[in-house]
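Asks: Sequence isn't available, so here's the structure alone:
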């Protein structure tokens with residue numbers, strides 16, 4: 001039988017190797033990920049689960065709804081990287097960034113005006129880990145389209161929070177049900193019905 005002391009000693013011997021963004025890209029170029037969908041989160045390569053059809057449909061519906069609202073001066077990106085620092089390159093399901101598509105021909109955007117994660121099996125991970133990362137990056141608005149509970153969770157006002165994974169979280173959370181309407185912070189006159197985002 002393994003004692004608690006032996007478990008602690010074993011845990012202390014385990015070291016995790018964190019990767020830089022340059023190493024992450026080098027591994028991808030060498031075919032290390034062999035077509036797998038991955039993200040760089042806190043220097044660790046995170047394998048993303050295969051997309052369920054419901055998830056894929058919701059991503060497309062969300063992108064369509066946001067494209068209609070953010071027509072001029074913004075780009076709606078689907079599952080493309082955000083450069084949030086040396087050890088962070090998440091690929092949110094949908095991100096709205098300032099500018100035009102060609103503005104990002106040589107570098108990924110370093111921020112977004114709105115980030116959306118669509119979650120069915122990854123609700124807790126997206127809410128706490130990805131949410132904390134987006135708050136740390138100063139992204140003012142993060143939406144979690146919770147397919148499991150069929151609701152939209154809108155997070156705003158990033159602030160320092162010591163109990164969060166990256167030391168930051170959102171002060172404001174409002175939950176919108178399918179028959180309710182939400183307006184993005186930077187487009188307060190726009191009205192998006194939550195049911196338009198749900199498959």
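Replies: Happy to help now that I have it. All of these numbers come straight from a predicted model, not from anything done at the bench. Numbers count the residues shown, from 1 in each chain.

Asks: show me where pLDDT drops low in this protein?
Replies: Residue ranges of the chain with pLDDT under 70: 1-16, 21-22, 25, 28-29, 32-33, 35-36, 38-40, 42-43, 45-50.

Asks: Which helix runs longest in it?
Replies: helix 53-69 (DSSP state H).

Asks: residues of that helix that come out buried?
Replies: Buried positions in helix 53-69, judged by neighbour count with 16 or more other Cβ atoms under 10 Å: 55, 58, 59, 60, 61, 62, 63, 65, 66, 69. Backbone N, C-alpha and C define where each C-beta goes, glycine included.

Asks: helices and strands around it, which ones?
Replies: Applying 3 or more Cβ pairs under 8 Å, 6 or more residues apart in numbering; DSSP states H and E, one finds that helix 53-69 contacts strand 74-78, strand 94-98, strand 114-119, strand 192-193.

Asks: Can you give me the neighbour number for residue 164?
Replies: When neighbours are counted by other Cβ atoms under 10 Å, residue 164 registers 18.

Asks: And for the one 3 residues further on?
Replies: Other residues lying near residue 167 total 12 when counted by other Cβ under 10 Å.

Asks: That one against residue 161, yeah?
Replies: Yes - between residue 167 and residue 161 there is a contact under Cβ atoms under 8 Å: 6.9 Å.
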